[in-house]
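**Student:** Just the structure for this:
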Amino acid sequence: MVQYKSKMVSDTEQGIPTKRLLQIVSRFPDRKILVIGDLMLDHFLRGRVNRISPEAPVPVVRIHQETYVPGGAGNVAGNLASLSAAVNLIGVVGTDESGFKLVADLKNRGIETSAIFRDGERPTTEKVRIIAEHQQVVRYDRESTSTITPKAELEILKSMTKEIPHCHAVILSDYGKGVISKKILSTAIRLAKHYHLPITVDPKVEHFKNYKHVTCITPNMAEAWGGMRLLPREDESSIRKLGSKILRALKSESVLITRGEKGMTLFQNHAPLAVTHIPAISREVFDVTGAGDTVIAVLSLGLACGAKLLEAAKLANYAAGLVVGKLGTATVTQEELKKVMQS
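**Tutor:** Numbering: from 1, shown residues only. This next block holds a predicted model:
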């Protein structure tokens, strides 16, 4: 029986040679990752503000740039592709223009999209952000959060059963838009365990207690407290107890709590429980959009290459430090990751 008496891992104990991390990154192109989850189109309108509207006390943004990039599970897949991994993506889009734009963009990134189900009964999730200079003025969403249709669920289950045996890791990207049903979740976990594959989850608070027996779950602080239905606390002792409670509730191998400017804390299901804090990489933060997608992508890719959990978490921390220094939904490359580790 696991005893949840925790110990902090010292800097000496957690020290990992840069050479070892670089060896792991060099294996990225040999890995194939399956991503299952909620697909989104992130739509950015960028401009300048020179006046306030005479119709209401709001700024008038004169648009000079419009871009579209994959969001949600699509951004996870985009990060993996940017790191030279092979990626197969399973999810649902509508038959609308946004859906066609999203799938076309994913294909252009070299991502396998044949298992994306097109559902004419629901819109493609689209998040539209209006940005003036570097400040987001407003965001509006087009989406459906209802459970996907039985037909869509069946097609996803078929695709999962076909693809998981040929992958090196499975990622579940749950944004609460209806794709990660209980049946899809339980089947993915069962198949990953059967084939001895790491399976990781970027969680949704409302589904938190369903993610049992996974390799790693990667909540941010708000998701970790909310998922356990507890009031947030700031002291380190409470956070260590929180990680222990999550492991006990989910019976998972580990939990990696991302903590913004404070870095990350990894809890591993050992006896005694190992708790390792990984400080954030110090750099200027422009935008945290999609940083969680980068974390789970790099963590999972590291595990797929045979990295230990702490090694994979260290790589994810480096990648997160890079992506928050970019504007908008962004990805990192192998070259950028290697460079920041050697600097």
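**Student:** what mean pLDDT would you report for the helix or strand hosting residue 160?
**Tutor:** Following DSSP states H and E, the helix or strand that holds residue 160 is helix 150-163. The pLDDT scores in helix 150-163 average 97.
**Student:** Name the residues that touch the following helix or strand past it?
**Tutor:** Downstream of helix 150-163, the first helix or strand assigned by DSSP H and E is strand 169-173. Contact with strand 169-173 is made by 31, 33-38, 72-73, 76, 164, 180, 185, 188, 191-192, 197-202, 211, 214, 293, 296-297, 300-301, 303-304, as judged by Cβ atoms under 8 Å, 6 or more residues apart in numbering. Yep, even glycine has a C-beta here, placed from its N, CA and C like the rest.
**Student:** thinking again about what came up before, check which helices and strands the helix holding residue 160 is in contact with.
**Tutor:** strand 32-37, strand 86-93, strand 116-118, helix 182-194 (3 or more Cβ pairs under 8 Å, 6 or more residues apart in numbering; DSSP states H and E).
**Student:** Now do that helix against strand 86-93, angle only.
**Tutor:** Relative orientation of helix 150-163 versus strand 86-93 (axes from the mean of the first three to the mean of the last three Cα atoms, to 10 degrees): 170 degrees.
**Student:** What residues sit buried inside helix 150-163?
**Tutor:** The neighbour-count check on helix 150-163 (16 or more other Cβ atoms under 10 Å) flags 152-153, 155-157, 159-160, 163 as buried.
**Student:** Out of the residues you listed, which is nearest to residue 249?
**Tutor:** residue 160 (25.0 Å; Cβ to Cβ).
**Student:** ok, the closest one to residue 330 distance?
**Tutor:** 28 Å (Cβ to Cβ, to the nearest Å).
**Student:** that older thread, need the helices and strands packed on helix 150-163 in TSV (columns: mean neighbour count).
**Tutor:** Compiled in TSV, the helices and strands packed on helix 150-163 are given as follows (neighbours: other Cβ atoms under 10 Å):
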stretch	mean neighbour count
strand 32-37	27
strand 86-93	26
strand 116-118	19
helix 182-194	17
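**Student:** what's the closest of those to residue 110?
**Tutor:** Across these, closest to residue 110 is strand 86-93 (Cβ to Cβ), at 7.6 Å.
**Student:** Can you spell out which helices and strands pack onto the closest one?
**Tutor:** strand 32-37, strand 39-52, helix 73-82, helix 97-108, strand 116-118, helix 150-163.
**Student:** Adjacent strands (with direction) for the shortest one?
**Tutor:** Paired with strand 116-118 in the same sheet, following DSSP bridges, are strand 86-93 (parallel).
**Student:** Can you pull out the residues in contact with the strand it pairs with?
**Tutor:** Counting by Cβ under 8 Å, 6+ apart, 29, 31-39, 73-74, 77, 80-81, 99, 102-103, 106, 110-113, 115-119, 122, 124, 148, 152, 156, 159-160, 163, 167, 178-179 sit against strand 86-93.
**Student:** how about 6 Å then?
**Tutor:** Under the contact criterion Cβ atoms under 6 Å, 6 or more residues apart in numbering, strand 86-93 has outside partners 32-37, 39, 73, 77, 80-81, 99, 102, 111-113, 115-119, 124, 148, 152, 156, 159, 163, 179.
**Student:** what's near enough to touch residue 220?
**Tutor:** Contacts of residue 220 by Cβ under 6 Å, 6+ apart are residue 258.
**Student:** Report the inter-axis angle for the helix holding residue 160 versus helix 182-194.
**Tutor:** 10 degrees.
**Student:** Quick one: work out the angle between helix 150-163 and strand 32-37.
**Tutor:** Using the same axes, to 10 degrees: helix 150-163 against strand 32-37 is 160 degrees.
**Student:** neighbouring contacts of helix 150-163?
**Tutor:** Contact with helix 150-163 is made by 34, 88, 90, 92, 115, 117, 119, 181, 184, 187-188, as judged by Cβ under 6 Å, 6+ apart.
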